[in-house]
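**Student:** Below are the sequence and a predicted model; questions follow.
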Amino acid sequence: MLNGIGIKFFTGTSHPELAELVARRLGIPLSKATVTRSGIGESNVTIAESVREDDVYILNTGCGDINTSLIELCIMIHACKIASARRITAVVPLFPYARQDKKDKSRAPITAKLVANMLQKSGCDHVITMDLHASQIQGFFDVPVDKCLYAEPSVILYIRRHFDLGNVVIVSPDAGGAKRATSMADRLGVDFALFHKERKKANEVSRMVLVGHVKEKVAILVDDMADTCGTLVLAAQHLAEAGASRVFAVVTHGILSGNALERVEESALEKLIVTNTLPQKENQAVCGKLEVIDIGAVLAEVIRRSHYGESVSKLFHEVPY
């Protein structure tokens with residue numbers, strides 16, 4: 001817990017529930033600010049208390065109307081900067097536009113780099129985020145980025161508490177997630193498998209080939225984000241056909257757009273476990289297979305350590321209590 005001296009913690013409108021959990025864990029109240037929108041859609045921000053020479057943290061995540069959330073964050077950072085805050089940290093559990101991280105075709109923008117520039121130009125001195133989709137985004141910043149704030153320790157703790165490890169296999173739904181899945185499998189001391197997938201076009205998988213043995217095992221798919229859930233649902237179907245006794249999926253960012261929840265309900269997945277980097281209450285009311293892991297304690301601990309100048313590397317492997 002913090003003593004509340006010299007620190008201010010604000011939230012935008014994207015995920016106030018998570019901000020409340022973090023503030024409660026820190027033992028400080030949320031700082032006073034109002035964020036409204038005008039009739040033509042402009043965001044208006046009022047910082048309702050002094051931040052002069054304070055260490056300021058502002059939480060807003062990439063969900064809902066992402067463009068509005070992003071501009072809110074930039075305006076709040078700028079407002080605190082010109083109000084003489086000593087240091088300003090953007091706490092962005094899901095980094096917006098993280099999937100637009102490279103120039104993969106002619107005239108394609110690198111939007112993640114643009115977002116990094118916007119945050120820095122607004123006056124941001126430090127960024128805290130979770131499970132970046134692409135590690136190179138850290139290099140888009142000229143300010144410190146705690147991008148290695150993984151949900152992995154929380155996920156591993158969940159798996160240890162809910163499954164018999166002697167019968168578990170960790171599965172990556174694609175080759176790109178193999179590093180994450182193998183790291184988790186090694187720490188749990190269980191087997192590992194992966195899918196090789198071929199795409200005809202973006203967000204549409206044409207063919208998946210399973211590499212590894214899952215027969216009569218509990219298969220746990222792991223990934224950084226679930227958007228349309230097409231890949232997870234198809235992978236779950238293949239795992240069931242390959243003889244897996246039960247199939248689960250554990251994902252850091254549950255974006256769950258379009259008819260993703262319907263797909264999950266009708267799939268071979270027994271449960272889809274996500275963290276609360278994004279609001280999930282409405283999704284849980286619709287989908288009985290959805291379960292949420294709270295990462296508020298992790299975010300609170302990294303803020304505490306950042307404020308007192310302590311190392312955060314311990315959080316890469318342990319869940320704070």
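**Tutor:** It's in.
**Student:** and Gln280, how far is that from Cys287?
**Tutor:** 9 Å (CB to CB, to the nearest Å). Using the backbone N, CA and C atoms, a C-beta is placed for each residue, glycine as well.
**Student:** what's the overlap in contacts for those two?
**Tutor:** Listed as contacting both Gln280 and Cys287 by CB atoms under 8 Å, 6 or more residues apart in numbering is no residue at all.
**Student:** in this structure, which spans are helices?
**Tutor:** 16-26, 66-81, 111-122, 152-162, 178-188, 230-241, 260-266, 281-286, 296-307 (DSSP state H).
**Student:** Just the residues contacting the fourth one, thanks.
**Tutor:** Contacts to helix 152-162, defined as CB under 8 Å, 6+ apart, come from residues 165, 168, 180, 183-184, 187-188, 220, 222, 250, 252, 273, 275, 293, 295, 298, 315-319.
**Student:** For ChimeraX, write the select line for the buried members of those.
**Tutor:** Selecting the buried subset of these in ChimeraX, with 16 or more other CB atoms under 10 Å as the burial test, is done by:
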select :168,180,183,184,188,220,222,250,252,273,275,293,295,298,315,319
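**Student:** Now for Gln280: which residues touch it?
**Tutor:** Gly254, Val274, Leu290, Val292.
**Student:** pLDDT value on it, please?
**Tutor:** At Gln280, the pLDDT value in this model is 96.
**Student:** roughly how far apart are it and His15?
**Tutor:** 10 Å.
**Student:** Over to stretch 259-278 now: how far is its first residue from its last?
**Tutor:** End-to-end distance of stretch 259-278 (CA to CA, to the nearest Å): 17 Å.
**Student:** ugh, typo on my part, it should be stretch 114-133
**Tutor:** For stretch 114-133, the first and last residues are 16 Å from each other (CA to CA).
**Student:** With stretch 92-112 instead?
**Tutor:** Termini of stretch 92-112 sit 13 Å apart (CA to CA).
**Student:** Okay, buried residues for that stretch please.
**Tutor:** Val92, Pro93, Leu94, Phe95, Pro96, Tyr97, Ala98, Gln100, Asp101, Ile110, Ala112.
**Student:** what mean pLDDT does that stretch have?
**Tutor:** Mean pLDDT, computed over stretch 92-112, is 93.
**Student:** pLDDT weak spots in the stretch 201-321 of the chain?
**Tutor:** By pLDDT under 70, the low-scoring segments of the stretch 201-321 of the chain are 201-206, 316-321.
**Student:** what does the stretch 51-200 of the chain give?
**Tutor:** Using pLDDT under 70, the flagged stretches of the stretch 51-200 of the chain are 147-151, 198-200.
**Student:** tally of neighbours for the closest residue to Asp164 other than its chain neighbours?
**Tutor:** Among residues not flanking Asp164 along the chain, Val218 sits closest, at 7.6 Å (CB to CB, 6 or more residues apart in numbering). Here the number of neighbours of Val218 (other CB atoms under 10 Å) works out to 21.
**Student:** Roughly how far does Val218 sit from Lys8?
**Tutor:** Taking CB to CB, one finds Val218 at 45 Å from Lys8.
**Student:** Give me the domain ranges for this structure.
**Tutor:** 7-151+296-316, 152-293 (automatic domain parsing).
**Student:** returning to that earlier point: so among the contacts of Gln280, which ones count as buried?
**Tutor:** By 16+ other CB under 10 Å, the contacts of Gln280 give Gly254, Val274, Leu290, Val292 as buried.
**Student:** Pairing partners for the last one in the sheet, please.
**Tutor:** With DSSP bridges as the criterion, the beta-bridge partners of Val292 are Val274.
**Student:** No further questions, thank you.
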